[in-house]
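In: this one's structure only:
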């Protein structure tokens, strides 16, 4: 059995950590650096930073943030938002990021995925997939620009293409469930899991320990990312890890001194 990774997703706009519901009604929660350090000290396995307006405005403000926080936290860091070239990816990897995550730029230029994978290896490349259910069908559409832009692309077909181009990990977020605290979109996660063999990170909707258990039952290939429930202290990292251990899952153990 592989070890379950627990990731904290931090959506950042300018100097602030923000969060909304279904990518709307975004509210400022505080200083993302303080949140990141707090999660590290509590034992988080990985941190994901997403610049929520980078692709919209054609820039990325996270470079200095990654350098600064990377000196105070010693867990893997993934950075996404506004990475539009192999050179952009290299800047963040050089700054201390372990992985780069791409959504909008990959949709606009799929060859970017192949370029990054060939230069740095698939283990450094995460495909962000923001998915919205099409009516009540068992199909989902890819959205870009933090849920602002429809693409008319099928989620499963896009993920298959991304893996074929060298993507080493998938971060799939259900827009319908994001920030609701009502649980993951289990149908979505199952379909994605059934169609890829690279590591999968499920995001969007975690509000209870049972929600986490439900999604992990789908496959041993699934890891979990949590935003709102951690930010609002509804769930705590040690509580989650104790629960997972009780359920028989293997988790990684980090100590502050490491």
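Out: Good, I have the coordinates. Being a predicted model, the structure only gives us computed values, none of them experimental.

In: now the helices for the chain?
Out: Counting by DSSP state H, the chain has these helices, from start to end: 32-42, 54-57, 63-70, 86-95, 104-108, 111-120, 155-164, 186-195, 209-216, 228-231, 237-246.

In: And these: which comes nearest residue 77?
Out: Closest approach to residue 77 among those (Cβ to Cβ): helix 63-70, 6.2 Å. C-beta here means a position set from N, CA and C on the backbone, and glycine is covered the same way.

In: what comes up buried for the closest one?
Out: Within helix 63-70, the residues that count as buried by 16 or more other Cβ atoms under 10 Å are 63, 65-66, 69-70.

In: Any regions of the stretch 151-258 of the chain where pLDDT drops low?
Out: Filtered on pLDDT under 70, the stretch 151-258 of the chain yields the residue ranges 253-258.

In: Number of residues surrounding residue 203?
Out: By the measure other Cβ atoms under 10 Å, the count of residues near residue 203 is 25.

In: one step back: just give me the closest of the buried residues of helix 63-70 to residue 138.
Out: Of these, the one sitting nearest to residue 138 (Cβ to Cβ) turns out to be residue 66, at 37.8 Å.

In: Please list all residues in contact with the closest one.
Out: 49, 77, 79, 92, 95-97 (Cβ atoms under 8 Å, 6 or more residues apart in numbering).

In: ok, for it, nearest residue in space, not its chain neighbours?
Out: Distances taken as Cβ to Cβ, 6 or more residues apart in numbering place residue 95 nearest to residue 66, at 4.8 Å, with adjacent residues excluded.

In: State the pLDDT value of the one you found.
Out: You'll see residue 95 listed with a pLDDT of 94.

In: okay, now it: neighbour count?
Out: For residue 95, the neighbour count with other Cβ under 10 Å is 17.

In: so it touches residue 63, yeah?
Out: Yes: judged on Cβ atoms under 8 Å, residue 95 makes contact with residue 63 at a distance of 5.6 Å.

In: and the gap between residue 178 and residue 68?
Out: Relative to residue 68, residue 178 is positioned 27 Å away (Cβ to Cβ, to the nearest Å).

In: repeat for residue 247
Out: When distance is defined by Cβ to Cβ, residue 247 is 36 Å away from residue 68.

In: Then residue 83?
Out: Look at residue 83 and residue 68: by Cβ to Cβ, they are 19 Å apart.

In: Same question for residue 195.
Out: Counting by Cβ to Cβ, the gap from residue 195 to residue 68 is 38 Å.

In: repeat for residue 198
Out: 30 Å.

In: ditto for residue 128
Out: Counting by Cβ to Cβ - residue 128 and residue 68 are separated by 23 Å.

In: circling back to that earlier point, out of the contacts of residue 66, grab the one that's most surrounded.
Out: Top of the contacts of residue 66 by neighbour count (other Cβ under 10 Å): residue 79, with 31 neighbours.

In: Find the nearest non-adjacent residue to that residue, please.
Out: In space, residue 79 is closest to residue 97, 4.5 Å off (Cβ to Cβ, 6+ apart).

In: Let me see the contact set for the one you found.
Out: Residue 97 makes contacts with 66, 70, 77-79, as judged by Cβ under 8 Å, 6+ apart.
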